[in-house]
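Asker: kindly generate the corresponding structure for this input.
(chains A and B)
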Amino acid sequence: MNEVLDQTETAAAQGSGLIPYALLAELTHRCPLQCPYCSNPLELEKSSNELDTETWKRVIGEASDMGMLHVHFSGGEPTVRKDLEDMVAHAAGLGLYTNLITSGVLLNEKRLEALRDKGLDHVQISIQDTEAESSNRIAGYEGHEKKLEVARLVRKLDMPLTVNAVMHRQNLDNLPAMIDLAVELDAERLEVAQVQYYGWGLRNRAAFLPTREQLDEATRTVEEARERLKGVLVFDYVVPDYYARRPKACMGGWARRFINVNPAGKVLPCHAAETIPDMVFDTVHEHSLNWIWENSEPFLRFRGTDWMPEPCQSCDRREIDWGGCRCQAMALTGDAARTDPACEFSPDRDVLEMPLQEALTEAPEFIYRRIGG
Amino acid sequence: MSARVIIADGSVPKLPRHAKLRFDKPRDQWIILAPERVFELDAVAYEVVSLCDGERTLEQVVDTLADKFESPREVIAKDVTEMLQGLADKGFLVA
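Answerer: Model prediction:
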């Protein structure tokens, strides 16, 4: 048995030889929250550009035909789409595993029940902090109590729940309370997520990057809780890149496992790929997902190992971490084709010094996510 | 879940609602699908998991496998219990 998203590669004899595992369907960039670490790009898509229901259904069908297994309905806030139920039903009918990635604030029992009855397999709710005041300040929205109410409704309707807790210097000390909250909400799984520093997160980096001491304490907390809560709560926890010695295999390797379709139908190898300025993305209006997976320039540019510079090219971990994160290389060095500075062998490693110093000074005010930046 | 699921005599194991057993045709193998995770099952693991239907007890699962593979019951019981406990600890099985 293998946990394949983390480990082995399964290939088929066709084109790239790769079958993607998951479709990230960003149904919209609209969202009532204004989290200053939002993973959406600085240039948000207008609702008038959003794909219609039939196009999404076709895309989901193509994903299934390609052999994809998961579809994550994401955003923005995916529940602003009134046709979410249609899309969930379509995906579930094709045997895809359907996951809703939501803030929860627009949901109620009736809608959740409808989504469940259409075949929604799993709900993931983001929680910004353990107490309402701080949580609402981070989100730029009075939604904390509603989120907890919706999380309880999810469990009341006997649907599985993941709590997604984005942790950073302003809430990492509350991690023990966050773990208690996830248990109290009867979640199956807790994602202890770190802010990723591209787009909005990069703009607000000095407000979010934790100190080494905070991080070490958090790691100890997770290790202790993981053992104590074995079989009760599953933990996903990754050390933030800036404190890592080796980079993460971002997206399981560029264009190896995931396809991200943005609200307007642009097809991206990762949700942050639009931060790479010279990339031109194909769209589902012109091509099938499979054509894009096999032929689209952004997918081919960093797939595999041929593109790699040294020290990646001769590194025995090149097919483990796949050179780290292209968007991070872009954000930190101005060149997406450099080794990720999260690797201690990166010649650009010293670019991390400035932000790590900033983590020790007073946190600046947030720049909230708003249309028009 | 408020307490760790323990797989022992009398347990009636089954997949939880968030985990789905299915055959993955393009990759030609049985898998368990769960949030953001995919578990590949080899032939033996599939035999075991496919019997965890929420009706059979652990003893009945073991009996069925002992018959099918013509192996000593105590060996099967040990292996199956360990494997199912491992799955339960990862959140892929309830009882």
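
Asker: chain B versus A:Leu352, what's the distance?
Answerer: 28 Å (CB to the nearest CB, to the nearest Å). Backbone N, C-alpha and C define where each C-beta goes, glycine included.

Asker: just confirm B:Glu47 contacts B:Ala66, I think it does.
Answerer: No. The criterion here is CB atoms under 8 Å, and B:Glu47 misses it with B:Ala66 at 11.7 Å.

Asker: any regions of chain B where pLDDT drops low?
Answerer: In the predicted model, chain B carries pLDDT under 70 at residues B:1-2.

Asker: what parts of it come near chain A?
Answerer: Contacts of chain B with chain A, taken as CB under 8 Å from any CB of the partner chain, map to B:1-6, B:16-18, B:20, B:22, B:24-27, B:31, B:33-42, B:45, B:88-91.

Asker: ok, now which residue in chain B is the farthest from the centroid?
Answerer: B:Pro26 (22.9 Å; CA atoms, centre = their mean).

Asker: excluding chain neighbours, what is closest to that residue?
Answerer: Nearest residue to B:Pro26, sequence neighbours excluded (CB to CB, 6 or more residues apart in numbering or on different chains): A:Gly67, at 3.3 Å.

Asker: what are the phi and psi angles of the one you found?
Answerer: Dihedral angles of A:Gly67 (phi, psi; degrees, to the nearest 10) stand at phi 100, psi 10.

Asker: ok, now B:Leu21?
Answerer: For B:Leu21, the backbone dihedrals are phi -90, psi 130 (criterion: degrees, to the nearest 10).

Asker: residues of the stretch 101-250 of chain A that sit close to chain B?
Answerer: Counting by CB under 8 Å from any CB, the residues of the stretch 101-250 of chain A close to chain B are A:121-122, A:124, A:158-160, A:162, A:183, A:186, A:188-189, A:229-234, A:236.

Asker: contacts only, for residue 51.
Answerer: Unless you meant another one, I'm taking chain A. Residues in contact with A:Leu51 (CB atoms under 8 Å, 6 or more residues apart in numbering or on different chains) are A:27, A:59, A:261, A:263-265, A:284.

Asker: wait, I meant chain B there
Answerer: Per CB under 8 Å, 6+ apart, neighbours of B:Leu51: B:60-61, B:64-65.

Asker: give me the buried entries from those.
Answerer: Among the contacts of B:Leu51, those that count as buried by neighbour count (16 or more other CB atoms under 10 Å in any protein chain shown) are B:61, B:65.

Asker: out of the contacts of B:Leu51, which sit inside helices?
Answerer: B:60-61, B:64-65 (DSSP state H).

Asker: just the element for the closest residue to B:Met83 other than its chain neighbours, please.
Answerer: Setting aside the residues directly before and after it, B:Met83 is nearest to B:Val48 in space (CB to CB, 6+ apart), at 6.1 Å. Assessed by DSSP states H and E, B:Val48 sits inside helix B:43-50.

Asker: could you do A:Pro176 as well?
Answerer: Using DSSP H and E, A:Pro176 sits in helix A:175-184.

Asker: if I take the next helix or strand after that helix and helix A:175-184, what angle do their directions form?
Answerer: Using DSSP H and E, the helix or strand that directly follows helix A:175-184 along the chain is strand A:189-194. Relative orientation of strand A:189-194 versus helix A:175-184 (axes from the mean of the first three to the mean of the last three CA atoms, to 10 degrees): 150 degrees.

Asker: top helix in chain A by residue count?
Answerer: Ranking each helix of chain A by length (DSSP H) puts helix A:212-228 first.

Asker: OK, contacts around the closest residue to A:Val80 other than its chain neighbours?
Answerer: Leaving aside its chain neighbours, A:Val80 sits nearest to A:Arg30 (4.8 Å; criterion: CB to CB, 6+ apart). Shown in contact with A:Arg30 (CB under 8 Å, 6+ apart): A:47, A:75-77, A:80.

Asker: and the gap between A:Arg30 and A:Glu77?
Answerer: Per CB to CB, to the nearest Å, A:Arg30 is found 6 Å from A:Glu77.

Asker: cool, A:Leu356 as well?
Answerer: Taken as CB to CB, the span from A:Leu356 to A:Glu77 is 33 Å.

Asker: the two: who's more crowded?
Answerer: Comparing A:Leu356 with A:Glu77 by other CB atoms under 10 Å in any protein chain shown, the one with more neighbours is A:Glu77, at 22 against 13.

Asker: got a list of what the more buried one touches?
Answerer: Neighbour list for A:Glu77: A:28, A:30-33, A:102-103, A:105-106 [criterion: CB under 8 Å, 6+ apart].

Asker: try 7 Å this time
Answerer: The neighbourhood of A:Glu77, defined by CB atoms under 7 Å, 6 or more residues apart in numbering or on different chains, consists of A:30-32, A:102-103, A:106.

Asker: state the pLDDT value of the closest residue in space to A:Arg152 that isn't next to it in sequence.
Answerer: The shortest distance from A:Arg152 to any non-neighbouring residue, by CB to CB, 6+ apart, is to A:Leu185 (6.5 Å). The model reports A:Leu185 with a pLDDT of 97.

Asker: list phi and psi for A:Leu185.
Answerer: Phi and psi for A:Leu185, reported as degrees, to the nearest 10, are phi -80, psi -10.

Asker: is it true that it touches A:Val150?
Answerer: No. Contact criterion CB atoms under 7 Å: A:Leu185 and A:Val150 do not qualify, at 10.1 Å.

Asker: the more surrounded of those two?
Answerer: Ranked by neighbour count (other CB under 10 Å), A:Leu185 and A:Val150 place A:Val150 first, with 24 against 18.

Asker: cheers, nothing more for now.
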